[in-house]
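# what follows is a predicted structure for the sequence shown.
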Amino acid sequence: MRLRLSLRLLILIAVVVGIAIPALLVLLLSDALVRRSVEPILEGQRAAVLSLASTSLVDPLWVLDSAATDRALKQLLDDASVCSISLAEERQGAQEVKLQKCAADWPVVTLAQAVRRDGVVLGTLTVAFDDGATERLVRDRRAQVGAIVGLQVVLGGLFLLVVLYWRLVRPIDQLKQHAAAIAERQARPLLDLHRGDELGDLGDQLNRMAQQIEGLLADMEAKNAQLRQMAMYDHLTQLPNRTLFREVFQHEASFAKRHGQQLALLFVDLDRFKAINDTLGHAAGDRLLLTISERLRAAVRGSDLVCRVSGDEFLLLLREAVTMEAVQVAVQRLISSVSEALEIQGGQQASVSASVGVAMFPADGEEFDELVRHADMAMYEAKEEGRSRFAFYQANMDAQLAERMELERELAEAIRAGQLVLHYQPIIDASSGAVMSVEALVRWQHPVRGLLYPGAFIHVAEDSGQIKELGNWTLEAACQQLARWKSMGRHPGAIAVNLSASHFRDQRLVEQVRGLIDAYGVAPGELLVELTESTVMGDSEASMRTIQQLRELGVALAVDDFGTGYSSLAYLKLLRPQKLKIDRSFVRDIPADPDDCVLVQAVLGLAKALDIQVVAEGVETEEQRDFLLGEACVMQQGYLFSKPIPAEQLGSKLRAWP
């Protein structure tokens, strides 16, 4: 385990070790030094005392003055450094004189010296000096040194502690507090230590680091906010996405459940958006989605929530849905708002509608996913009823959804298993009755339900994305039949195939058609591709490029259902299709409806001016035929002449070839 010491304790230990220990060493060494300096002095003093005493005894001993001798010895014994005296005279009969004032076991240093006069030894003086004087001097000197050293230690320690605290500990505490404030993101002024040493540099570095960290954290917060925006909001419309919508729904559902309230969940799908997106391009589709999202927000209350799920699908949550009638009014207002015409680009007008499914909380479900699924089912029911409508969820819709999913699966199997067949409807020269060309129309020979017409499965193919695969099959089957008729000595003139707008955005279409032309010997003009008016009029560079490449391959072009979409005469002039097909909705009421008559005459006049052939669709009566012939519309198609029939039944009606 690593020992942890605070800075203050470490400094205190350093001061004690750095000052006290050297002071102790000084005290220990001072005894030896004092002893070495004192002993020579004491020895000199003792020698001087002995010498003076000997001198003071010369005269008394010479004249044999015993009283003076006693006084001199007593005076010598009074000396503080003398413990005992012994005087032994040299004359006959003299007794040795001994004087002592210290205890017998007292440490002494004995010195002796002869008393002389004129070279005659009068006696010997022996003096025992007090040996404890050295220790007393050492002790006194030690006390003095100890007091001085102690004072130095105290003052030096206090000075060092004050300096270290003021110049080291306090700034470090400030740096520590500033660093903690940076870590906790507390608002603090810049640190200024008012010093030019390393700690001052460290404070400046810490200030710069704090500014950098603050900048980095601000960037991180901005990025986190951006990530949350991306995670919770749709990047195009800035509407809440499904994740945020789910969270809000769960909160609102809990509140509604506690207070016995209803919520309405709306599933909104834009009708015809895919066609606009495919023909006009994704940029135009994005602008349309932005406009629609603004209309959706404006069509509901501020307390309601609008969410973009994906593509052209939206979810709405209506709070406080008190009655079904109130929900119906809100949904109808929403559909009306969406259906208003809008400007896409360059003054070009477009319009979409909305199909809306409604599921009520808690009657139709309490869980989010369940309620969305039920609203989705109701939305498909609205589409089935004609689009631009709304429908409330009903319990039997589960079975309908299951049936739809089964139909998708069966359609995929039908394409793989060869259950699809082509029927052909001839396009007739109404003046002579001759077959001018044929249109290939797909049918599904269902193993259980029998022969199914496109209305039963085309919408499923479009919604499930199988429309391209279905179109590819139709192209190849038509080219095969053309080659088969030619091998039988018959020729239909041209064989027309309908393709969806999405085909013309697929770069592989041109290569597929080139391969079919090579494989089945299709001559220029024998294959005619029918495309909807919206595809022709769209500002889609990919579609325009594909159409031009098909023309270069010798594929003829026809605009189907002309007059039902939004038109761009500039593009019509640019493309110059071989044929325009007037939609059956304009033919149905002629010649009785004067408006339809005028419209048909206008289309015929436009086509004549641009040198484009015209085919009238849906001719079912002789009156319609005769009116069209009167307007110089010779090529006609409809049940008056023939229903779509299998190739075997049509072969005998075709002209001989070659």
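Alright, I've got the coordinates.

# how about the nearest residue to P454, chain neighbours excluded?
Nearest in space to P454, with sequence neighbours left out and distances taken as Cβ to Cβ, 6 or more residues apart in numbering, is V442 at 6.2 Å. Just so you know, the C-beta spots here come from the backbone N, C-alpha and C atoms, and that holds for glycine as well.

# got phi/psi on the one you found?
When read as degrees, to the nearest 10, the backbone of V442 gives phi -80, psi 140.

# ok, it - contacts?
By Cβ atoms under 8 Å, 6 or more residues apart in numbering, the residues touching V442 are L420, V421, L422, P454, L470, W473, T474.

# how many other residues sit next to the fifth one?
Applying the criterion other Cβ atoms under 10 Å, we find 22 residues in the vicinity of L470.

# how near is it to S502?
Per Cβ to Cβ, to the nearest Å, L470 is found 11 Å from S502.

# again, but for the third one
Using Cβ to Cβ, one gets 21 Å for the distance from L422 to S502.

# tell me what D130 is bridged to.
Counting by DSSP bridges, D130 forms beta bridges with V108.

# what is the burial count for it?
Per other Cβ under 10 Å, the neighbour tally for D130 reads 21.

# same question for L151.
When neighbours are counted by other Cβ under 10 Å, L151 registers 10.

# wait, isn't V149 in contact with L27?
Yes. With contact defined as Cβ atoms under 8 Å, V149 and L27 form a contacting pair (6.1 Å).

# among these two, which residue is more densely surrounded?
Counted by other Cβ under 10 Å, V149 and L27 do not tie: V149 has more neighbours, with 20 against 14.

# mind listing what's buried in stretch 627-642?
Using 16 or more other Cβ atoms under 10 Å as the test for burial, stretch 627-642 gives F627, L628, E631, C633, V634, M635, Q636, Q637, G638, F641, S642.

# ok, stretch 98-107 next?
In stretch 98-107, no residue is buried by neighbour count (16+ other Cβ under 10 Å).

# export that stretch to PDB, keeping only CA atoms.
Extracted in PDB, the C-alpha atoms of stretch 98-107 (Å, rounded to 0.1, in the frame of the first residue of the first chain):
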ATOM      1  CA  LYS A  98      48.100  18.700  53.900                       C
ATOM      2  CA  LEU A  99      45.000  20.700  53.400                       C
ATOM      3  CA  GLN A 100      41.800  19.300  51.600                       C
ATOM      4  CA  LYS A 101      38.300  20.700  50.900                       C
ATOM      5  CA  CYS A 102      36.900  18.200  48.400                       C
ATOM      6  CA  ALA A 103      35.600  14.700  49.000                       C
ATOM      7  CA  ALA A 104      38.000  11.900  48.800                       C
ATOM      8  CA  ASP A 105      36.400  10.400  45.700                       C
ATOM      9  CA  TRP A 106      36.200  13.800  43.800                       C
ATOM     10  CA  PRO A 107      37.900  13.600  40.500                       C
END
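
# quick one: average pLDDT of that stretch?
Per-region confidence: stretch 98-107 scores 85 on mean pLDDT.

# now stretch 44-58
Here stretch 44-58 scores 88 as its mean pLDDT.

# repeat for stretch 29-38
Per-residue scores along stretch 29-38 average to 72.

# shaky segments in the stretch 201-350 of the chain?
Of all residues in the stretch 201-350 of the chain, those with pLDDT under 70 make up the ranges 225-231, 278-279, 345-348.

# please enumerate the helices of it.
For the stretch 201-350 of the chain, the helices defined by DSSP state H, counting those that start in this stretch occupy 242-259, 273-280, 282-299, 324-339.

# out of these, flag the one nearest L52.
helix 242-259 (115.4 Å; Cβ to Cβ).

# ok, what's across the strand from E313?
Beta-bridge partners, per DSSP bridges, of E313: D269, S310.

# which residues does P454 contact?
Contacts for P454 (Cβ under 8 Å, 6+ apart) come out as L441, V442, R443.

# out of these, who's nearest M405?
Set against M405, the nearest of those by Cβ to Cβ is V442 (21.3 Å).

# so A14 is in which element?
Counting by DSSP states H and E, the element that carries A14 is helix 7-15.

# and after that helix, which helix or strand comes next?
helix 21-62.

# now for that next one, which elements pack on it?
helix 66-77, strand 82-89, strand 108-117, strand 120-130, helix 132-164 (3 or more Cβ pairs under 8 Å, 6 or more residues apart in numbering; DSSP states H and E).

# let's see that with 6 Å instead.
Counting contacts by 3 or more Cβ pairs under 6 Å, 6 or more residues apart in numbering; DSSP states H and E, helix 21-62 packs against helix 66-77, strand 108-117, strand 120-130, helix 132-164.

# picking that back up, need the max-distance pair from the buried residues of stretch 627-642.
Maximum pairwise distance among the buried residues of stretch 627-642 (Cβ to Cβ): 22.0 Å, between E631 and S642.
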